[in-house]
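Student: 3D, please:
(one chain, ligands or ions: 2)
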Amino acid sequence: MIEKTWDLNRITDRIQMQAIQRRRPLSCTLELTYRCNFHCRMCYIRMTDAQAAPFGRMRTVEEWLDMARQLFDAGVLNLTLTGGECTQYPGFVRLYEQLSKMGFRITVMSNAGAYSDEIRDVFRRYPPSSVGVTLYGGSNETYAAVTGDPKGLDKVAENIRFFRSIRVPVGLNFTVIRQNVSDHPKVAKLCREFDLPYTLITDITGHRYSADYSEAMMCRLSPAERACVACYPPEEIGSAMEEAGELEKELVHFRMPAAPAETPPSAKDACIGSFSGCAIYWNGEMGTCISMRGYHNAKPFETGFEAAWAQLKAEEDKAFIRPLACAVCGMAIDCLHNCAGRRFEGTGSPGEPDPYTCQYVYLLKHCKKRRNDPDAPKAAPCS
Ligand code: SF4
Ligand code: SF4
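Tutor: Ligands and ions are numbered 1, 2, ... in the order given. Now for the predicted structure:
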């Protein structure tokens, strides 16, 4: 969300503020590929080439470089490379090197599970501004159960150490599902050893191309389990999961927040991305962020970037409206990951609250009350 403490003595805040005021692009996510070295049960994008074929084709290095020049001319400074696993994109090394030479500030989002010597070499020569690494467990056994790679953790830990050795800032996320939730203490210990904080990701949505392509909806935590994982320290994960059964019973009193009969004026529901960000997907379509794939996407490789940007901004005036139910909801203050993109992912409409979110926020409040801990953590906001 756009509520942020601005410090106009900081050049980055000033640039961001100017981009917002002018509604000009500053940050762009390039989702290079649907391919991945891991095969996670809950993945929202990984596909085989045959599964992906009906949805388009990956863009070539030359096409991405041409798009990067258009982004450069439009004023984009920050690029986030993601996937799938972006380093599995054919031609990654050449593309990454050229993007680095153009001067973009590059963030690499990665599972850090399969770097060739060439990839490490290019990161050494052109260190990214930062790296976001997602963890899927605290042991090789759990990595095998979640990602299919029985040596997954060893590889990931080695590559985190590599990034630290070349002084690249590393951010860690732990994606939590039924198959790895009991590893929370091990993950916490691992992150302590790295001396790095981590963010819990318990908000899992379905595969974006076909529900048949992953087990996301079967292996995600229930709203009660999510609330307990958020409220209990990692070392008490056993108690947290036991408590989830009891907490679930509170849902008997839960009612979906409803829109009022009398319609108040609609409120903008704008995040920073909706003013100054965009995402270009592996098949060349473009939306405001990764979550908005499929919502009136533009086609920058066909129209040129500036025309696609204008189309996107015009669509957003309709999409980024806070639902009336949320506008009057008493839980809204605790509901941090409720943006247009998240609603679109959960319900297929940016204007519909997702019951999975609402139940979680409701139970989080009850969980904090039961533990007499009003300061227990909230869900991670959209980043
Ligand atoms: S969740 Fe990430 S690491 Fe796992 S298969 Fe999907 S893209 Fe790969
Ligand atoms: S999404 Fe959040 S703010 Fe909207 S109705 Fe549900 S709990 Fe309330």
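
Student: Whichever residue of the stretch 151-300 of the chain sits closest to ligand 2: what secondary structure?
Tutor: Nearest residue of the stretch 151-300 of the chain to ligand 2: residue 257, at 3.7 Å (CB to the nearest ligand atom). C-betas here are computed from N, CA, C, even on glycine. Here residue 257 is recorded as coil under DSSP: H, G, I helix; E, B strand; the rest coil.

Student: What is the burial count for it?
Tutor: For residue 257, the tally of surrounding residues (other CB atoms under 10 Å) stands at 20.

Student: same thing with residue 234?
Tutor: 20.

Student: how about the closest residue to it other than its chain neighbours, what does it touch?
Tutor: Leaving aside its chain neighbours, residue 234 sits nearest to residue 188 (3.9 Å; criterion: CB to CB, 6 or more residues apart in numbering). Residues in contact with residue 188 (CB atoms under 8 Å, 6 or more residues apart in numbering) are 138, 198, 234-235.

Student: Looks to me like residue 188 is in a helix.
Tutor: Yes: when three-state DSSP is applied, residue 188 is found to be in a helix.

Student: just the helices in the stretch 201-350 of the chain please.
Tutor: 216-219, 223-231, 237-248, 272-276, 300-303, 305-319, 324-327, 340-347 (DSSP state H, counting those that start in this stretch).

Student: any idea which of those is most buried?
Tutor: helix 223-231 (a mean of 25; mean count of other CB atoms under 10 Å).

Student: Can you tell me what sits against it?
Tutor: 176, 181, 184, 200, 202-203, 221, 237, 240-241, 243-245, 247-248, 250-251, 356, 359-360, 362-364, 366-368, 371, 373, 376-379.

Student: where does residue 258 land on pLDDT?
Tutor: Residue 258 is assigned 83 on the pLDDT scale.

Student: doesn't residue 325 make contact with it?
Tutor: Yes: judged on CB atoms under 8 Å, residue 258 makes contact with residue 325 at a distance of 5.8 Å.

Student: Let's see which of the contacts of helix 223-231 end up in strands.
Tutor: Among those, the members found in strands (DSSP state E) are residue 200.

Student: Buried subset of the contacts of helix 223-231, written for PyMOL?
Tutor: A single PyMOL command is used to select the members of those judged buried by 16 or more other CB atoms under 10 Å:
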select buried, resi 176+181+184+200+202+203+221+237+240+241+243+244+247+248+250+356+359+360+362+363+364+366+367+368+376+378+379
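
Student: other SSEs contacting the strand or helix carrying residue 122?
Tutor: Per DSSP states H and E, residue 122 falls inside helix 117-125. Contacts defined by 3 or more CB pairs under 8 Å, 6 or more residues apart in numbering; DSSP states H and E place helix 117-125 against helix 92-101, helix 152-165.
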